[in-house]
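*Asks:* I'll drop the sequence and a predicted model, then ask my questions.
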Amino acid sequence: MAQHEMSHSAKLIILLVIFFEARFFGEVFAGDGKTEKFIKEYNYPVETHHYETDDGYILTAHRIPHGLSKEKPKRVALMVHGMGGSGENYITIGPPDALGFYLADKGYDVWLFNARGSMNSRKHRSLNPNTERKKFWNFSWHEIGTYDLPATINYILNVTGADGIFYVGHSQGTTTLFVLLSEVPEMNDKIKAAALLAPSASLHHTQSPLLILATRFLELGQKLLPMLNWYEMLMPNGNELLNRIVVPLCSPKAMHDICMDFLYVIAGTESGLVNKTLLPIMLQFTPSGFAVKQMFHYAQVIKTGDFKQFDYGPKKNLKMYNDTKPPLYKFPNMKVPLALFYAIEDPYSNPTMVEELRGKLPNIVLDYQVPVPKFNHLDYILAYNVKEFINDRVLEVFDRF
């Protein structure tokens with residue numbers, strides 16, 4: 001047991017060193033067209049859309065307007081990634097089983113969301129993410145939920161003329177939906193139903209080594225990292241130097257097990273459900289960039305057991321919230337029909353954690369524990385059997401509305 005824990009710790013330290021090196025070497029590249037090229041390789045149509053949030057962040061969404069049949073879609077789906085992810089997560093395993101392609105072929109106009117700070121959405125009307133780090137990266141998943149998602153949904157509805165969207169969220173993509181529905185309740189009327197893959201709000205019993213480490217060193221990290229001007233968790237694919245090293249290093253078949261092992265430190269137990277030959281593709285798109293504050297916010301939720309807004313300390317809280325404590329998110333406001341997908345071996349969304357969440361949500365239309373041993377946090381979007389256990393069930397839920 002001790003050796004196992006030491007192994008996890010060593011891997012986490014190596015990952016943090018990689019992030020730290022990425023912080024100081026090289027410039028970030030984004031918008032290089034990899035997503036568009038990837039989609040076009042499979043003969044699917046693709047559009048790239050740029051739009052601005054109310055607080056000045058310029059976001060990018062990739063649209064797959066229809067499937068291979070070219071029939072005019074009848075419905076619109078928005079797909080929202082997890083922390084450190086990007087819209088490409090929903091297409092990585094390719095057609096026909098990647099959920100983005102799958103929904104397009106089932107008659108959906110698919111929009112792949114990219115949150116602020118991810119590799120496709122690193123722009124602001126006035127702030128530079130590399131030279132004005134403290135200001136640009138001053139956000140958590142609260143701002144993604146209150147600014148990015150409203151801007152995205154309203155933009156999509158304006159472009160498509162649809163009267164509502166269907167929402168797919170993975171991990172943090174579920175957290176941000178909870179924030180949206182709590183803090184911008186009028187958005188409930190614009191979402192017909194939502195499929196939540198690994199719903200993440202009740203995290204007090206998380207088994208994630210990464211989040212446990214972040215929680216353990218929360219106070220130290222909040223003091224130390226700003227002193228180092230470290231506000232961004234800059235990932236390997238967001239840095240040209242590391243991208244040139246990590247992808248070639250992990251591409252040979254002999255290295256697949258070693259490289260995947262690092263991913264399982266974050267994702268949970270190795271399930272054997274991911275095709276390891278996809279690793280070079282995965283590493284081009286994921287992990288992506290995100291703010292340190294996003295990690296801190298999750299750590300606060302874990303430490304207190306409360307799903308609440310960011311805690312700045314009593315003095316600043318009083319200025320921000322007119323109270324010494326941050327307000328709790330309002331579960332009664334979350335009226336959208338929700339389908340919950342979770343798994344025993346998911347360190348971020350296991351049955352114990354979902355049990356805490358279940359009693360708070362007012363409109364659960366599917367409560368589904370994936371019946372696959374060792375199904376982990378990445379398997380919802382990367383496993384070879386996602387069609388049977390995830391995609392078909394998502395479609396069944398959406399077809400009801």
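*Replies:* Received, thanks. The structure presented is a predicted model; accordingly, all values stated were derived computationally and were not measured. Residues are numbered from 1 along each chain as shown.
*Asks:* now the residue positioned nearest the centre of the chain, what's its secondary structure?
*Replies:* Centrality entry for the chain: nearest residue to the mean C-alpha point is Gly82, 1.0 Å, by Cα atoms, centre = their mean. Assigned with DSSP: H, G, I helix; E, B strand; the rest coil, Gly82 falls in the coil class.
*Asks:* cool, and His50?
*Replies:* Under the three-state scheme (three-state DSSP), His50 adopts strand.
*Asks:* how many other residues sit next to it?
*Replies:* Applying other Cβ atoms under 10 Å, we find 13 other residues in the vicinity of His50. Bear in mind the C-beta positions are built from the backbone N, C-alpha and C, glycine included.
*Asks:* quick one: contacts for Met282?
*Replies:* Taking Cβ atoms under 8 Å, 6 or more residues apart in numbering as the definition of contact, the neighbours of Met282 are 92, 263, 382.
*Asks:* I'd say Ser233 and Ser288 touch.
*Replies:* Rather than Ser, residue 233 is Met. No: Met233 is beyond contact range of Ser288, at 9.6 Å (criterion: Cβ atoms under 8 Å).
*Asks:* quick one, which of these two is more surrounded?
*Replies:* Neighbours were tallied for Met233 and for Ser288 using other Cβ under 10 Å; the higher tally belongs to Ser288 (29 against 26).
*Asks:* I'd say the more buried one and Met83 touch.
*Replies:* No: look at Ser288 against Met83 with Cβ under 8 Å: they stay out of range, at 9.3 Å.
*Asks:* now the stretch 1-150 of the chain, which segments are flagged as low pLDDT?
*Replies:* Judged against pLDDT under 70, the low-scoring parts of the stretch 1-150 of the chain cover residues 1-32.
*Asks:* same thing but 50
*Replies:* Using pLDDT under 50 as the threshold, the predicted model of the stretch 1-150 of the chain has low-confidence ranges 1-6, 15, 17-31.
*Asks:* residue ranges of the strands in it, please?
*Replies:* Remark: strands assigned in the stretch 1-150 of the chain by DSSP state E, counting those that start in this stretch are 47-52, 57-64, 75-80, 108-112, 123-124.
*Asks:* show me the one of those strands that comes nearest Pro362.
*Replies:* Comparing those against Pro362 with Cβ to Cβ, the closest turns out to be strand 75-80 (20.9 Å).
*Asks:* now do the closest one: everything it contacts.
*Replies:* Outside strand 75-80, the residues within contact range by Cβ under 8 Å, 6+ apart are 87, 90, 99-100, 103, 107-113, 115, 149, 152-153, 156-157, 160, 162, 164-170, 173, 176-177, 398.
*Asks:* count the residues that sit near Asn43.
*Replies:* As a burial measure, the neighbour count of Asn43 was computed by other Cβ under 10 Å and equals 8.
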